[in-house]
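**Student:** My questions are about this predicted structure, shown below with the sequence.
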Amino acid sequence: MTFRDAARDAIHASGGRLTSQRELLLDLLAEHDAGIDAERLHQLASAQDPTISLPTVYRTLHTLEAVRLIVSNYTSSDHDRKQYRVNDDQDRFHFTCRRCGRVTMFRSALVAQLKQELAAQLDAQVLTVCICAGGLCSTCGQEDTP
């Protein structure tokens, strides 16, 4: 089953209607596999349908995230920015440069180890882990070097 098919089923199961606006959001989410934040998703959708509202974007994201068809990651250490992407069961995290603000996606095998350790320690199923990394990117770090 494709992401779009599963998403349509999830929207129907939640009591929602599959409107042309939601179809547009599904298409945009599928196109942005590296992730997109709600505001940018709204901007892109509004360019194609000016009547789409930000609450429609958030309701759709919430519905899809609740059934784990999409996942979110924070892109800032103060947890005020989230990016959403289609769930491919790959943990991805973000490093944010504190000077220029550039966000770089990364993966680490250590996260899978951490999930296993937490699952054993807590006797629980660990589905998500939130890791926020911040510092200076290589460009900004070089600017500090004499």
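**Tutor:** Nice, I can see it.
**Student:** what does the model give L28 for pLDDT?
**Tutor:** At L28, the model reports a pLDDT of 94.
**Student:** let me fix that: R107
**Tutor:** For R107, pLDDT reads 79.
**Student:** what's around it, how many residues?
**Tutor:** Number of residues near R107 (other CB atoms under 10 Å) recorded here: 11. C-beta: built from backbone N, CA, C; applies to glycine.
**Student:** again with L29
**Tutor:** 23.
**Student:** by contact count, what packs against the host helix or strand of it?
**Tutor:** L29 belongs to helix 20-31 when elements are defined using DSSP states H and E. When contacts are defined as 3 or more CB pairs under 8 Å, 6 or more residues apart in numbering; DSSP states H and E, helix 20-31 sits against helix 3-13, helix 38-48, helix 54-66, strand 82-86.
**Student:** what is the orientation angle of the second one with helix 20-31?
**Tutor:** So the one you mean is helix 38-48. 120 degrees (axes from the mean of the first three to the mean of the last three CA atoms, to 10 degrees).
**Student:** Contacts for helix 38-48, please.
**Tutor:** The contact list for helix 38-48 (CB atoms under 8 Å, 6 or more residues apart in numbering) reads 21, 24-25, 28-29, 32, 36, 52, 54, 57-58, 61, 82, 84.
**Student:** Pass me the low-pLDDT residue ranges in the protein, would you?
**Tutor:** For the chain, the stretches with pLDDT under 70 are 75-78, 89, 144-146.
**Student:** can you give me how far the helix holding L29 is from the chain middle?
**Tutor:** With CA atoms, centre = their mean, to the nearest Å as the basis, helix 20-31 stands 15 Å off its chain's centre.
**Student:** can you list the domains in the protein?
**Tutor:** Listed by automatic domain parsing, the domain ranges of the chain are 1-74, 90-146.
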